[in-house]
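*Asks:* Okay, predicted coordinates and the sequence, questions at the end:
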Amino acid sequence: MIALWRQYLPQFFQGVGVTLELTALSLLVALLFGFLLALARLSGWRGLVLGATVYTEVIRAIPVLVLLFLAYYSLAQAGIKLSGMTAAVVTLGGFYATLYGEIFRGAILGVDRGQSEAALALGMNRRTVMRKIVLPQAFFTILPPATNQLSNLIKDTSLVFTVGVTDLMFQAYAASSATFQPMDMLLLAGIVYFVFYLVLSKFLTRWELNVQRRRG
Amino acid sequence: MSNDVVVDIKGLAKHFGDRVVFDNVSLAVHKSEVVAIIGPSGVGKSTLIRCVNHLHPFNAGTIDVLGYHLQGDVAPSKPMLRELRSRVGMVFQTFNLFPHLTVLDNIILGPIEVKRLPRAQVTERAMDLLAMMGLQQRAQMYPKRLSGGEQQRVAICRALAMEPEIMLFDEPTSMLDPELVGEVLEAIRRLAKQGMTMLLVTHEMMFAKDVADTVVVMADHTVAERGPARQVLESPQTERARAFLRRVLNPGLSSDGARRQRGGV
Amino acid sequence: MHVASLYASAIASGALKDVGLTIVSSLIALLLGIAGALARLYGGSVIGGLVYWYVELIRGLPAILQLFIIFFGLTQFGIDLSPVAASVLWLVAYGTGYAVEIFRAGIMEVPTGQREAADALGLSSLKILQKIIVPQAWVGMLPNLTSFLVLQLKNTTLLYLVGYADIMYQARLGADATEQPGILYLMAALAYLVIALVIAVAGLRMERRAALYR
């Protein structure tokens, strides 16, 4: 088993690289778009609120794999041909934006109303209140759930091997078929994914909670 | 008050790790005696009465309750503990009514499930208890709909429905708005008149003086002074008890007892 | 639109298979989840630790990887499961991991004062669980149980990869045959959306009914 693992290690490393790249790009899209969604839902403008709410609720209810096929196959039929990687980033970014949007919205709403009232009473305008008072306080409530979703995002990148992206899962699957030792290869990939998960869920979350506690 | 000791606490000690909650606490409670435990916050008064029905385990010493023997760092048998608890009622600072049950169901749960009494009989007794508290109209409501004072009186009914021989009160009025304190104290006063044995943790000094036979002052992790209520409250013998009472009874000075009495929970 | 009507019944039959599998696997997983949560809370350090690491494994590994380990991986040891068997086994294994956490969190969210008050009355542990803890935990858990069902439903999308004839399988078949993936994957999305909506609405109604006392 170890000899086999050593033989396939280069491919696996490549796969890990693709998985991480995909995760980083998708996270970037999800954070930016998610923040816009949160602002839209909090804006109070009826059209924006409705649009963002419908987008969030509909996208959230559809399985990621279906969204991925829509982005990769269905859009291609409509003339928009995305590479597997692009389709994956669009899908994962667009899907996780709904989750991050809800985290941001909840955290912003969670900041005590007295805080913005006090700031407004000092004569600050709404933008300054948001930037200087609300967001800094919301930041630390956002961290733990955001990290939790990041570990979900990494796991969900494994779906993209279905559209031919050569990520870690793809390599594990390919190696399984080639070696007739599927369990060995899948376990190797499993160890990698599990380490990512443990790092995010245990160490990072614990550190965040510590920071939060120290700030009172 | 008679001479039978129903709660006998000897050399009780409780600590969490290195932190000593209290040490070497001894106290005997006689049948029909009303004992008020007073003292500054965080001195372990609530923990002490929770040891009596073993809601909190303790580390050393013994407690004999109605003939049941509890010992430090020894887990009592579950059937014995259930039997003890079914004969000792408890009322909590935060009421702890069961929110998913109506007022009536809160009261009859114990007698039906623990004492296996028929529902009709228990319901009748529950309604009598509610009537005594002036709460018959509330029987079918959920606790959330009641005021704090009403909730606490229901909690007293719930404990009484088990026909306990001893009642433990853990700061029964400290979560209440000032105008609701009176109705709960009145209910407790009535119980005292009927000869119920009671252990009561309280911040209400006037009430303690009025209703309790014995007052126990806890300070610095142990019993600082105990004696007849009037004597302890009016002319305390020990310096620690004097210091505490001075702070509580002079409203001009800031102290947690006084703060609480002004309604700031 | 011709394609849509042609494949509507195939997608519908796939949807039925998905719903059936979701219900069956969720029921089993929830029962195992209760047992797991109790074991984790009251089972001592060895049993509790085992359950803890099981939950972590389920939560830490990608869904596809788990499914492939069961369907492909086990063949290495001569265990050759049919698509249905592998699908059920995985959905139950996966769902149990999440159900344990739902029940554990639900039980722990009941305030300690509730247990103390019940203890003070002399109720037995079993009675306290049955009469005080579970009825209250249930209400707090309902939203999580709804998302649990949706999660399990969404997981069925992966089953086409091992040959279970669900919505995705039918949509893919149609897409390959007609070269019209646009409409077929939209139909699949719509099917999932409708089922998820039904679950959500049912969940909300139960929450409203259960929370009368709040």
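*Replies:* On my side now, so go ahead.

*Asks:* So the closest residue to residue B:64 other than its chain neighbours: helix, strand or coil?
*Replies:* Leaving aside its chain neighbours, residue B:64 sits nearest to residue B:8 (4.3 Å; criterion: Cβ to Cβ, 6 or more residues apart in numbering or on different chains). C-betas here are computed from N, CA, C, even on glycine. The three-state assignment at residue B:8 reads strand, by DSSP: H, G, I helix; E, B strand; the rest coil.

*Asks:* Which stretches in the stretch 151-265 of chain B count as helices?
*Replies:* Taking DSSP state H, counting those that start in this stretch, the helices of the stretch 151-265 of chain B run over residues B:178-193, B:205-211, B:229-234, B:239-249, B:256-261.

*Asks:* closest to chain C out of the ones you listed?
*Replies:* Shortest distance between chain C and these, using Cβ to the nearest Cβ, is found for helix B:178-193: 16.6 Å.

*Asks:* Which elements pack onto the closest one?
*Replies:* With contacts taken as 3 or more Cβ pairs under 8 Å, 6 or more residues apart in numbering or on different chains; DSSP states H and E, helix B:178-193 sits against helix B:148-160, strand B:197-201, helix B:205-211.

*Asks:* and chain C, which of these is closest to it?
*Replies:* helix B:148-160 (7.5 Å).

*Asks:* Any buried residues in stretch C:114-133, and which?
*Replies:* C:114-123, C:127-129, C:131-133 (16 or more other Cβ atoms under 10 Å in any protein chain shown).

*Asks:* and residue C:88, what is it in contact with?
*Replies:* With contact set as Cβ atoms under 8 Å, 6 or more residues apart in numbering or on different chains, residue C:88 has these partners: C:21, C:24, C:25.

*Asks:* residues touching residue C:119, list them.
*Replies:* By Cβ under 8 Å, 6+ apart, the contact set of residue C:119 is B:53, B:55, B:85, C:128.

*Asks:* can I get the CA coordinates of the helix or strand where residue C:176 lies in PDB?
*Replies:* For residue C:176, the element it lies in under DSSP states H and E is helix C:167-178. Only the C-alpha atoms of helix C:167-178 are listed here, as PDB (Å, rounded to 0.1, in the frame of the first residue of the first chain):
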ATOM      1  CA  ILE C 167     -33.300  12.500 -10.900                       C
ATOM      2  CA  MET C 168     -29.700  13.200 -11.900                       C
ATOM      3  CA  TYR C 169     -29.300   9.900 -13.500                       C
ATOM      4  CA  GLN C 170     -32.400  10.400 -15.600                       C
ATOM      5  CA  ALA C 171     -31.400  14.000 -16.500                       C
ATOM      6  CA  ARG C 172     -28.000  12.900 -17.600                       C
ATOM      7  CA  LEU C 173     -29.400  10.100 -19.700                       C
ATOM      8  CA  GLY C 174     -31.700  12.500 -21.300                       C
ATOM      9  CA  ALA C 175     -29.000  15.100 -21.800                       C
ATOM     10  CA  ASP C 176     -26.700  12.600 -23.500                       C
ATOM     11  CA  ALA C 177     -29.500  11.200 -25.700                       C
ATOM     12  CA  THR C 178     -31.000  14.500 -26.800                       C
END
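
*Asks:* which residues sit against that helix?
*Replies:* A:65-66, A:69, A:73, C:3, C:6-7, C:10-11, C:13-15, C:18, C:156-157, C:159-160, C:163, C:180-181, C:184-185, C:187-188, C:191-192.

*Asks:* Could you confirm whether the next helix-or-strand element following that helix reaches chain A?
*Replies:* The first helix or strand that comes after helix C:167-178 along the chain, using DSSP H and E, is helix C:181-210. Yes. Applying Cβ under 8 Å from any Cβ of the partner chain, one finds helix C:181-210 touching chain A at C:181, C:182, C:183, C:185, C:186, C:188, C:189, C:192, C:193, C:196, C:197, C:200.

*Asks:* The second one contacts residue A:72, doesn't it?
*Replies:* No. Applying Cβ atoms under 8 Å, one finds residue C:182 not in contact with residue A:72, separated by 11.4 Å.

*Asks:* For the two, indicate the residue with more neighbours.
*Replies:* Using other Cβ atoms under 10 Å in any protein chain shown as the criterion, residue C:182 and residue A:72 rank with residue A:72 on top: 25 against 17.

*Asks:* Which residues are in contact with that one?
*Replies:* With Cβ under 8 Å, 6+ apart, residue A:72 has these contacts: A:82, A:84, A:87, A:91, A:163.

*Asks:* same check, this time on residue B:179
*Replies:* Here residue B:179 is in contact with no residue (Cβ under 8 Å, 6+ apart).

*Asks:* How much space separates it from residue B:147?
*Replies:* 10 Å (Cβ to Cβ, to the nearest Å).

*Asks:* can you check residue A:82 too?
*Replies:* 63 Å.

*Asks:* of those two, who's got more company?
*Replies:* residue A:82 (17 against 14).

*Asks:* Pretty sure that one sits against residue A:73.
*Replies:* No. Using Cβ under 8 Å, residue A:82 makes no contact with residue A:73, being 9.9 Å away.

*Asks:* What residues sit buried inside stretch B:183-196?
*Replies:* For stretch B:183-196, by 16+ other Cβ under 10 Å, it's B:183, B:184, B:185, B:187, B:188, B:191, B:192, B:196.

*Asks:* can you check stretch A:35-49 too?
*Replies:* Here stretch A:35-49 shows A:35, A:37, A:38, A:39, A:40, A:41, A:42, A:48 as buried, counting by 16+ other Cβ under 10 Å.

*Asks:* Also stretch A:79-88?
*Replies:* Here stretch A:79-88 shows A:82, A:84, A:85, A:87, A:88 as buried, counting by 16+ other Cβ under 10 Å.

*Asks:* Quick one: end-to-end distance for stretch A:113-130.
*Replies:* 12 Å (Cα to Cα, to the nearest Å).

*Asks:* Please list the residues outside that stretch that contact it.
*Replies:* Counting by Cβ under 8 Å, 6+ apart, A:132, A:133, A:134, A:137 sit against stretch A:113-130.

*Asks:* Give me the buried positions along it.
*Replies:* A:116, A:119, A:124, A:129, A:130.

*Asks:* got the residues of the stretch 151-265 of chain B near chain C?
*Replies:* Counting by Cβ under 8 Å from any Cβ, the residues of the stretch 151-265 of chain B close to chain C are B:155, B:158, B:159, B:162, B:168.

*Asks:* which one of those residues is nearest chain A?
*Replies:* For these, the nearest to chain A is residue B:155 (31.9 Å; Cβ to the nearest Cβ).

*Asks:* That closest one and residue C:83, how far apart?
*Replies:* 58 Å.

*Asks:* cool, and residue A:194?
*Replies:* Distance, residue A:194 to residue C:83, by Cβ to Cβ: 26 Å.

*Asks:* any low-confidence regions in chain C?
*Replies:* C:1, C:211-214 (pLDDT under 70).

*Asks:* longest helix of it?
*Replies:* Taking DSSP state H as the criterion, chain C has its longest helix at helix C:2-42.

*Asks:* what packs against that helix?
*Replies:* Going by 3+ Cβ pairs under 8 Å, 6+ apart, helix C:2-42 lies up against helix C:44-60, helix C:83-109, helix C:134-155, helix C:167-178, helix C:181-210.

*Asks:* Which positions in the fourth one come out as buried?
*Replies:* Burial within helix C:167-178, assessed by neighbour count using 16+ other Cβ under 10 Å, is assigned to C:167, C:168, C:169, C:170, C:171, C:172, C:173, C:174, C:175.

*Asks:* now that helix against helix C:134-155, angle please.
*Replies:* 20 degrees (axes from the mean of the first three to the mean of the last three Cα atoms, to 10 degrees).

*Asks:* How far does helix C:167-178 sit from its chain's centre?
*Replies:* 25 Å (Cα atoms, centre = their mean, to the nearest Å).
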